[in-house]
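>>> have a look; sequence and predicted model below, questions after that.
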Amino acid sequence: MQKIKYEFADGTTSEIEVTDELYALHLELVQQEKRNHWKETRRHISLNYLTENGIDFEDKAADTLSVYIRREDNERIYNAIKHLSDKQRALLEKVFNQNMSLREIARQTGVTHQALSKQIAVIYKKLKKYF
């Protein structure tokens, strides 16, 4: 004789004593229920859930495409920057490569913050022509 323990939705439990054959049948039904649950839910696991739990998938085609796009974008950016004056290129260098704020550049060069903002706007306008 074996005991089967049932837990009800309200939190109460109940134990019943059954024959070994009935207990074996009960175990098989529990296993089948687990397998059915797994079959149903395995299709519904999101990629986000998997990556949050340390499982990652490598998409080599996407990586290759993103590298190509990045390379193309970089070429277009460099070609556009060639059309700027030396002064404009120097300002872009300070803002983007040296991560300086316009206020820092203004203090360093003696030019007002507003003037630098206007220069940046002119630079963006020029660069847009080449995109």
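It's in.

>>> now do the same for the residue nearest in space to the middle of the chain: helix, strand or coil?
Centroid check for the chain by C-alpha atoms, centre = their mean gives Asn48 as the closest residue, at 8.6 Å. Following DSSP: H, G, I helix; E, B strand; the rest coil, Asn48 is assigned to helix.

>>> how far away is Gln31 from Phe8?
Distance from Gln31 to Phe8, counting by C-beta to C-beta, to the nearest Å: 21 Å. Bear in mind the C-beta positions are built from the backbone N, C-alpha and C, glycine included.

>>> contacting residues around the residue nearest to the centre of the chain?
Under the criterion of C-beta atoms under 8 Å, 6 or more residues apart in numbering, Asn48 has no neighbours.

>>> what's the answer for Leu25, then?
No contacts exist for Leu25 under C-beta under 8 Å, 6+ apart.

>>> just confirm it is within a strand.
No. Counting by three-state DSSP, Leu25 is not found in a strand; it is helix.
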